[in-house]
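Undergrad: okay, sequence plus prediction incoming.
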Amino acid sequence: MKCIDELPASELKGKRVLVRAGLDLPLDVNGDVADVFRLQKALATLQYLKDAGARIIIICKIGRDPDESNEPIAEAMKQRFPVFFVPDITGMVARDAIGAMKDGESILLENLQRDPREIAGDDSFARELASLAEMYVNDGFPSAHRASASMIGIPKFLPSYAGIQFRDEVRELSAALHPPHPSLAIIGGAKFETKDPIIRQFLDVYDHVCVVGAIANDVLKAKGFPIGRSRISEHAPGAEVCAHPHLLSPVDVTVERSDKQARVKRPFEVESDDKIVDIGPDSVAELAPHIVAAKFILWNGPTGLYEEGYSSWTHAIAELIAKSDAQKVIGGGDTIAAIQESGV
């Protein structure tokens, strides 16, 4: 797929361009945008289209609740990029707004997931979205793995291009599949079944693969350690994964008891009332020399239950990686948020 910046302005001026952006921004308790990292990354494509005189129709989702609105995204965008919010998707309100657009103007439509056909990947919804424009730009890399109507359906009906951010993400992650040595991958997550194929592939190409987060519980359990009431996956890691010489798993863990008190333990010391919530300081210390030695580091996922406030060891890892001279590829919304919170 060609990138949109390969098209000259003469081919974009006056054209209605539908941009599937990755603007699923986190909101604070007041419903305002709490972090603009993804928004900042999305502006390259939008600015290129604006400068070319395209009429930009932005579509995206926010959160998991279909009732959530894209209006807070529009408010955050207005501080950095001129946009008009339209509380509609494919109805007459949206079509009237699009019909009134002038060259170089932008509108943001309502949360795609308000229509259940988006998640279902319904071609009828994709066709309705496609009818709004003359060409399509996919710049929503964070959702590119989903079989939603806006991702896989629209390209069936419109000439389609990659956005600038999408192109850059693919380029950087392609490099991560063939890292220079020595290399280190730090992989977290909640479900081992979603990370199993990645871990297996990385064990063959990375010098060390360190599992953290909830998927580390699965590895510890498969190795015969007690995990108490910790979060585990339905899919258990295979013996060939757990015994692989490149795999690193926690040598100590932070556990939380039912009274919410936390302490650090060795894996064999975990009791039935314990919930593993993070790695421990010895695990960080064991990882440190690998970070120092690495020429390439891939990091995806906090080391613990970041959403429950267990972020100190994630911050420690961030500080070590920041001091490294390695090439680094870091992904995942919680990982980015934790790094920004740490001040690194």
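TA: Done, it's in.
Undergrad: helices along the stretch 51-200 of the chain, start to end?
TA: 71-78, 92-99, 117-120, 123-130, 164-176, 192-205 (DSSP state H, counting those that start in this stretch).
Undergrad: may I see these organised as CSV, with distance to Ser272 added?
TA: Every residue, glycine included, has its C-beta placed from N, CA and C. Putting these into CSV (distance: least, C-beta to C-beta, whole Å) gives the following:
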stretch, distance to Ser272
helix 71-78, 43
helix 92-99, 55
helix 117-120, 38
helix 123-130, 48
helix 164-176, 39
helix 192-205, 22
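Undergrad: export those helices to JSON lines and tack on mean pLDDT, mean neighbour count and distance to Ile330?
TA: Compiled in JSON lines, these are given as follows (pLDDT from 0 to 100; neighbours: other C-beta atoms under 10 Å; distance: least, C-beta to C-beta, whole Å):
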{"stretch": "helix 71-78", "mean pLDDT": "96", "mean neighbour count": "20", "distance to Ile330": "22"}
{"stretch": "helix 92-99", "mean pLDDT": "98", "mean neighbour count": "14", "distance to Ile330": "36"}
{"stretch": "helix 117-120", "mean pLDDT": "96", "mean neighbour count": "18", "distance to Ile330": "28"}
{"stretch": "helix 123-130", "mean pLDDT": "98", "mean neighbour count": "20", "distance to Ile330": "32"}
{"stretch": "helix 164-176", "mean pLDDT": "91", "mean neighbour count": "17", "distance to Ile330": "10"}
{"stretch": "helix 192-205", "mean pLDDT": "92", "mean neighbour count": "16", "distance to Ile330": "15"}
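Undergrad: to Glu319, which of the ones you listed lies closest?
TA: helix 164-176 (21.7 Å; C-beta to C-beta).
Undergrad: separation between Val284 and Phe84?
TA: 48 Å (C-beta to C-beta, to the nearest Å).
Undergrad: more neighbours, these two?
TA: Val284 (21 against 14; other C-beta atoms under 10 Å).
Undergrad: ok, the residue found closest to Glu128 once you drop the neighbours it is linked to in the chain - contacts?
TA: Leaving out its chain neighbours, the residue that sits closest to Glu128 by C-beta to C-beta, 6 or more residues apart in numbering is Thr90, at 4.2 Å. Applying C-beta atoms under 8 Å, 6 or more residues apart in numbering, we find Thr90 in contact with Asp115, Phe125, Glu128, Leu129, Ser131, Leu132.
Undergrad: just Lys223 next, same as before
TA: Cys242, Ser249, Pro267.
Undergrad: which residues of the stretch 201-344 of the chain score low on pLDDT?
TA: 333 (pLDDT under 70).
Undergrad: quick one: the helices in it?
TA: Under DSSP H, counting those that start in this stretch, the stretch 201-344 of the chain gives helices at 214-222, 239-242, 281-293, 312-323, 333-342.
Undergrad: tell me which of those helices sits most buried.
TA: Mean neighbour count, computed with mean count of other C-beta atoms under 10 Å, is highest for helix 214-222 among the helices of the stretch 201-344 of the chain, reaching a mean of 24.
Undergrad: picking up where we left off before, right, so of the helices of the stretch 201-344 of the chain, which gets closest to Gly188?
TA: Once the helices of the stretch 201-344 of the chain are compared by C-beta to C-beta, helix 214-222 is nearest, at 6.5 Å.
Undergrad: hmm, who's touching the closest one?
TA: Taking C-beta under 8 Å, 6+ apart as the rule, helix 214-222 contacts 187-192, 195, 211, 227, 230-233, 235-239, 241-242, 247, 249-250, 253, 267, 276, 279, 305.
Undergrad: are any of these buried, and which?
TA: For the contacts of helix 214-222, a burial check counting by 16 or more other C-beta atoms under 10 Å picks out 187-189, 192, 195, 211, 227, 230-233, 236-237, 241-242, 247, 249-250, 253, 267, 276, 279, 305.
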